[in-house]
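Asker: Using only what follows, build the 3D model:
(chains A, B and C)
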Amino acid sequence: MPGAPPENIQQTIGDQRLQLAIYSATGRLVSHRAGAVSADALPDYQELRTFANQIKAHTIDNLDYYLEQFEANVVAHGGKVVYCRDGEEVVDFVLNLAKERKARLIVKSKSMTTEEIHFNDRLERHQLEAVETDLGEYILQLAHQRPYHIVAPALHMTRYDVADVFTKSLGVEKETVPENQAKIARMVLREKFLAADIGVSGANFLIADSGAVVLVENEGNARLTTSAPKIHIAVAGIEKLIPRAQDLAVFLNLLGRSATGQPLTVYTSFLSGPRRAGEIDGPDEFYVVLLDNGRTKLLADPEKRQSLYCIRCGACLNHCPVYRKIGGHNYPWVYSGPIGAIITPQFHGVGRDPWLPFASSLCGACAEVCPVKIEIPKLLLKLRAEVVEAKKQEGAGGVERLAFRLWAWVMTHPKVYLLLASLGAKFAPLLPPVGPLRKWTSQRTMPPIAKKSFHKLWTERERP
Amino acid sequence: MADVLERLGCQVDFPKAQTCCGQPAFNSGYPEDARKVARHFLDVFRDAEHVVVPSGSCTSMITHHYEEIFAQDAKRLAEIHKLVSRVWDFSRFLIEVAKVDDVGARFDGIVTYHDSCHALRELNVKEGPRRLLGKVRGLTLREMDAAEECCGFGGTFSIKFPEVSGGMARTKIDSIRKTEAGTVVSIDSSCLMQLQGVIERAGLPIRTMHLAEVLASR
Amino acid sequence: MTAREQILGDIRKALGRAEGQPPLSLAANLNPLVALGAAPLAAPVLRIPKTDRNHYTTLFVQNLEKLAGKAIIVKNSAAVVPALSELLEGKLAVASNAPMLEKCGLTRLAGVQSGFMDRAALRAACSTADLGITSVDYALAETGTFVMLSSPREARLISLLPPVHVAIVPRARILGNLDELLGLIPKPADQTSSMVLITGPSRTADIEQILIRGVHGPGEVYAVIVEEEE
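Answerer: Numbers count the residues shown, from 1 in each chain, chains lettered A, B, ... in the order given. This next block holds a predicted model:
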């Protein structure tokens, strides 16, 4: 059935090994974060969240202004800015540049934005090799899988899975010790770094007043990607802007802590333009690709606009009981978890995956930990109403719509409500388990219905 | 709940015309149907001195979402603004209005408390129920690790995604079992219905009780 | 229509803004437009620690050690070489062009190459070296961080390619935190194409969330804090 939730959800829930992998990894990230934002570790955490929200709100509300300011400053520092409407335009730009510079090999550091546009696959079709260099992303590239998680892409794989992938793809002997696996990757990728013609990175932040790209990472692969090759291309969504370098203080204090519990990640690079006169190394050419790919569609609604505040820390995934059950690959797009559930329908239309906004118990754990205070449950509700409306336009979903209309009628007619309640008490136990009832009882027993309703008890109590 | 309130000297009224707060429709993408039911709620409860609700989720619907529901209806918006400060979940009413934490209850056994999501995150109800339970004679309160994790009910979510919902409940119950509590207490009946259903299906010797039931025990 | 025109045009249309319209400033707090959703921008938020500067060294060492970095405190520049002699024994190192390293006598040691001005030669030396030796522009006490600005004195790759990074840190260069750094350098891009904050050894937890050090960058990081240096 089109638009139905993937059948793999059941498989994921039934897979003990996978459930353990997801639970222990997200559980660790949850406890690391809790320690890093505790009142002892970061007394003004809540204030920082408010500031971060305000800075993002201001930037997005004036996005065109800051984009132009950013562009002017990149140019002033000798770099170039390339606006792209979609992934195809990005790939065209990179292909042309590669052709002009006779480039053959691209090294890449982790970037969800390039995942979003299937950058590697598209380049591969043009015989241009793009190698992922983040350890997790590299494993996934070899395994031909997409990221399972925004921050920890190979979260679902065990060391044994990694051993199999390496043996199969690299022809190395079976190696199941993670430390040695990392050594293998370091060795293979070090050669790629030194041979690469172009380095492609994402961007965690774009700084308008400096024309700078900020990258945070732990491995050093982003530093190598942006420092070793002669050309650096940063691919960034247009929403990554913040006005001033000084605003970084607020965001860097939140990002690492929310993602992995680190006060600062190991490397934070602040990059602007090609190497300057006298600088010994660094790229000769510096490009920033500003990608729309549907983002401007999210701006029109002042409430839904906040979806673009996301700094991709992954905390909402780690705290989401639904993500922790169904994992990352059952979400229909590269962005999984609660943030995926609100941005996917907005990028692709509510009609494509109508089930997605409903796959939430609305527990609110995501909003509670979001460092930029995106009101995820509120947006889910809004999107649910849009799905219902879209179905109505298509002439679908009539049964449910009728059921709710009937329900509302009963709930506004207390006498009918009482009558139905007393009938329910008598006949409910006799109902055959079909429809919603069967779905309920597939997991749990039916709650016993009281023989006497509270209404009745109350009436008797009033007339002793 | 009525027993406890009356024991404390409150005059309890139960308007018989009451039905529902409208949340099921609101959370399922039917704000229009929810609005109809919300209007009915307002008609029934408009003039109450205090409205005490035995559910965090319903309380939060009224105090946090009615504003949005009546955004285009200036008259009702003004009415709900007036009413909101008088709508309480049971535990907060006891502590903040009746100003008691010991209601003289007795309940023997180990109890663990489940934070229902809307009470915890929208109403900020966390310490109150624990304080009330702490004063019950014979009761040992033992915290579970996952007290703040969702039980998996989520209204129609439980029917639209039964496997996910059931899985969430089982995770929760694993955490409850580790406390060796015989009773799990909450202030939301829907969480209790979900947990009870899964506990029974698994044949576990744990019962679910609303905070009011425990506080009414003697 | 170019992509640039279309994207900026779409944004302005969605936000109801005119071309070239400046954003609301802090003074716009009282502007009625604020109520319509356009949020004003407040002054930058910088949280400068109130810790006594004398504690910065201790704090820096504590935080670096938490990350498995190692710290050595010496009195003056003359004490640096003796403090490192064991570590450098029989090893091949690349030292940056920072005057500080020359002053310490590091560039004159056997096995230490220095004075690179050519990218290719530097790269070749760094890819085979056992250690990279650099100065720092600043260090951050609250996080155990080195702050390095790329310049003719400091290349990017010396702190990156060799498996061990040794940084010479004059005590006076230790600041409280990131916020203090950004207060001091409000626009790093005016000075350099690359400012990097290095907080401990390179690490990953991509396989089963198990911590592994030295995946792409140096797996070992040393700070030599020189008390009497500016």
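
Asker: how about the residue in chain A that chain C sits nearest to, what does it touch?
Answerer: Residue nearest to chain C within chain A (CB to the nearest CB): A:G220, separated by 2.7 Å. Yep, even glycine has a C-beta here, placed from its N, CA and C like the rest. Listed by CB atoms under 8 Å, 6 or more residues apart in numbering or on different chains, the contact set of A:G220 reads A:266-267, C:160, C:202, C:215-218.

Asker: In strands, which of those fall?
Answerer: A:Y267 (DSSP state E).

Asker: picking up where we left off before, so the residue of chain A closest to chain C versus C:V166, what's the distance?
Answerer: Plainly put, A:G220 is 16 Å away from C:V166 if you go by CB to CB, to the nearest Å.

Asker: same check, this time on A:L362
Answerer: 53 Å.

Asker: longest single helix anywhere in chain B?
Answerer: helix B:162-178 (DSSP state H).

Asker: which helices and strands sit right next to that one?
Answerer: Helix B:162-178 sits against helix A:8-14, helix A:321-326, helix B:157-160, helix B:189-202, with contacts defined as 3 or more CB pairs under 8 Å, 6 or more residues apart in numbering or on different chains; DSSP states H and E.

Asker: quick one on the thing from earlier: mind checking pLDDT for the residue of chain A closest to chain C?
Answerer: Looking at A:G220, its pLDDT reads 98.

Asker: how many neighbours does the nearest residue to it once chain neighbours are set aside have?
Answerer: Computed as CB to CB, 6 or more residues apart in numbering or on different chains, the closest residue to A:G220 that is not its neighbour in sequence is C:G217, at 2.7 Å. If you count neighbours by other CB atoms under 10 Å in any protein chain shown, C:G217 ends up with 28.

Asker: what sits up against the helix or strand harbouring B:E213?
Answerer: Assigned by DSSP states H and E, B:E213 falls within helix B:211-216. With CB under 8 Å, 6+ apart as the contact definition, helix B:211-216 has outside contacts at B:1, B:3-4, B:54, B:90-91, B:94, B:103, B:105, B:107, B:111, B:129, B:132-133, B:136, B:139, B:183, B:185-187.

Asker: Ok, stretch C:59-68 next?
Answerer: Under CB under 8 Å, 6+ apart, the answer for stretch C:59-68 is A:266, C:51, C:70-71, C:73, C:139-144, C:169, C:174, C:199-201, C:213, C:221, C:223, C:225.

Asker: Sort out which of the residues you listed are in strands and list them.
Answerer: Short answer: those in strands (DSSP E) are C:70-71, C:73, C:139-140, C:169, C:174, C:213, C:221, C:223, C:225.

Asker: And the pLDDT for A:I374?
Answerer: On the pLDDT scale, A:I374 gets 98.

Asker: thought it was touching A:G364?
Answerer: No - checked against CB atoms under 8 Å, the pair A:I374 and A:G364 is beyond contact range at 11.9 Å.

Asker: How about the residues of the stretch 301-450 of chain A by chain C?
Answerer: Within the stretch 301-450 of chain A, the positions near chain C by CB under 8 Å from any CB of the partner chain are A:P302.

Asker: The longest helix along chain C near chain A anywhere?
Answerer: Taking DSSP H as the criterion, chain C has its longest helix at helix C:3-15. Yes - legend: contact between helix C:3-15 and chain A by CB under 8 Å from any CB is shown at C:3-4, C:6-8, C:10-12, C:14-15.

Asker: Just checking the distance from the lowest-mean-pLDDT helix or strand in chain A to the centre of its chain.
Answerer: Least confident helix or strand, chain A: helix A:454-462 with a mean of 82, by mean pLDDT, DSSP states H and E. Taking CA atoms, centre = their mean, to the nearest Å, one finds the center of helix A:454-462 at 51 Å from the center of the full chain.

Asker: buried sites along it?
Answerer: A:455, A:458 (16 or more other CB atoms under 10 Å in any protein chain shown).

Asker: next one: stretch C:141-161
Answerer: Going by 16+ other CB under 10 Å, stretch C:141-161 has these buried residues: C:141-151, C:153-161.

Asker: before we move on, what about stretch C:209-224?
Answerer: C:209, C:212-224.

Asker: so A:G78, which of the three states?
Answerer: coil (DSSP: H, G, I helix; E, B strand; the rest coil).

Asker: quick one: contacts for the residue in chain C that chain A sits nearest to?
Answerer: The nearest approach of chain C to chain A comes at C:G217, 2.7 Å away (CB to the nearest CB). Residues near C:G217 by CB under 8 Å, 6+ apart: A:219-220, A:223-224, A:266-267, C:159-160, C:165, C:201-202.

Asker: Just flag the most distant two among those.
Answerer: Farthest-apart pair in the contacts of C:G217 is A:L224 and C:P201; separation 15.1 Å (CB to CB).

Asker: With distance to A:V200 added, can I get the helices and strands packed on helix B:162-178 in JSON lines?
Answerer: Below are the helices and strands packed on helix B:162-178 laid out as JSON lines (distance: least, CB to CB, whole Å):
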{"stretch": "helix A:8-14", "distance to A:V200": "31"}
{"stretch": "helix A:321-326", "distance to A:V200": "28"}
{"stretch": "helix B:157-160", "distance to A:V200": "40"}
{"stretch": "helix B:189-202", "distance to A:V200": "47"}
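
Asker: Remind me what the one helix or strand C:E86 maps to packs against, helices and strands.
Answerer: Assigned by DSSP H and E, C:E86 belongs to helix C:80-88. If you count contacts as 3+ CB pairs under 8 Å, 6+ apart, helix C:80-88 packs onto strand C:70-74, strand C:164-170, strand C:220-226.

Asker: Output those in a markdown table; the columns should cover distance to B:L77 and mean pLDDT.
Answerer: Shown next, in a markdown table, are the helices and strands packed on helix C:80-88 (distance: least, CB to CB, whole Å; pLDDT from 0 to 100):
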| stretch | distance to B:L77 | mean pLDDT |
| --- | --- | --- |
| strand C:70-74 | 62 | 97 |
| strand C:164-170 | 61 | 98 |
| strand C:220-226 | 60 | 98 |
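
Asker: Which of the ones you listed sits closest to A:V288?
Answerer: Comparing the helices and strands packed on helix C:80-88 by CB to CB, strand C:164-170 comes nearest, at 28.5 Å.
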